[in-house]
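Engineer: when you get a sec, could you give me coordinates for this:
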Amino acid sequence: MSRYWNETGYFEQPDSASLRSKAKDTARREKSKGKKMEPVVVSGRKLVNSWWGQAWCDNLEQYADFESRLQRGRRYVRNNTVVDLNIQKGKVLARVQGRRKTPYKVEIRISPLSEERCQTIMEKCGNKIENVESLLQGNLPDELQELFRGIGGLFPEPKEISFQCSCPDWALMCKHVAAALYGIGIRFDENPLLFFTLRGIDVEQFVKVTLESKAEKMVKNAEVKSDRIIEDADLTRLFGI
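Structural biologist: Below you'll find the predicted structure:
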């Protein structure tokens with residue numbers, strides 16, 4: 001079994017079977033105490049399947065600051081070690097099973113999205129979003145997908161993400177935090193609305209304002225005379241009437 005050096009001494013890196021076993025023990029123990037757990041479960045070969053889940057993971061992995069640190073988290077989340085994960089406005093609280101009997105506590109905070117930034121994105125969406133259902137299914141034109149995921153979009157940049165873990169690992173991003181970050185994407189597979197909860201956005205209001213913006217533009221354009229409209233005099237000359 002591999003080991004890694006820590007200031008407090010040598011620690012064993014638990015194998016997959018041990019991690020899964022400890023996670024199941026924790027679930028049974030917490031259930032017997034009457035505590036409700038919301039575990040992140042990976043059942044297939046792919047971590048995520050929906051547009052929202054994949055977009056979240058892709059966004060994390062595109063940043064060099066995160067790329068090298070996330071690999072350890074993928075192993076942990078695949079072994080269903082995220083025994084509890086709760087997404088709130090601007091915050092994620094998770095418990096991740098490690099080598100110890102008691103899971104480690106992870107807290108991830110996402111900086112609030114400014115109203116100005118959100119308003120700008122809604123205006124750019126214009127007439128590209130037809131309804132809430134299309135938005136949640138990820139049925140967005142390519143330009144809107146990039147607007148959501150790109151720099152300055154709705155998905156957070158590294159500087160907007162902070163985290164801490166109760167484990168003794170000295171690394172800036174430990175494997176437990178990395179597992180929880182992937183767990184967030186898996187949660188979005190189950191319920192895309194949680195993405196908007198995390199970013200502090202009311203999705204119904206988001207779509208409403210977007211569609212109102214679309215309507216305002218249509219009314220404004222209706223008052224603009226089009227070059228394609230044929231005047232009465234031109235009709236007379238054209239048809240001889």
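
Engineer: the nearest residue to residue 151 once chain neighbours are set aside and residue 21, how far apart?
Structural biologist: Nearest residue to residue 151 in three dimensions, chain neighbours excluded: residue 157, at 6.9 Å (Cβ to Cβ, 6 or more residues apart in numbering). Any C-beta I mention is one placed from the backbone N, CA and C, and that applies to glycine too. For residue 157, the distance to residue 21 equals 37 Å [Cβ to Cβ, to the nearest Å].

Engineer: what about the residue nearest to residue 151, how many neighbours?
Structural biologist: By other Cβ atoms under 10 Å, 14 other residues sit near residue 157.

Engineer: look up the pLDDT of it for me, please.
Structural biologist: With respect to pLDDT, residue 157 scores 90.

Engineer: is it true that it touches residue 62?
Structural biologist: No: counting by Cβ atoms under 8 Å, residue 157 does not reach residue 62; the two are 9.8 Å apart.

Engineer: where do the strands sit along the protein?
Structural biologist: Taking DSSP state E as the test, the strands found in the chain are 3-6, 9-12, 82-88, 91-96, 104-110, 161-165.

Engineer: look up the closest residue to the residue nearest the centre of the chain, ignoring the ones flanking it.
Structural biologist: In the chain, the residue lying closest to the centroid (Cα atoms, centre = their mean) is residue 56, at 4.2 Å. Among residues not flanking residue 56 along the chain, residue 185 sits closest, at 3.9 Å (Cβ to Cβ, 6+ apart).

Engineer: what separation do you get for the one you found and residue 33?
Structural biologist: Distance, residue 185 to residue 33, using Cβ to Cβ: 29 Å.

Engineer: who has more neighbours out of these two?
Structural biologist: Neighbours per residue (other Cβ under 10 Å) separate residue 185 from residue 33, with residue 185 holding more: 23 against 7.
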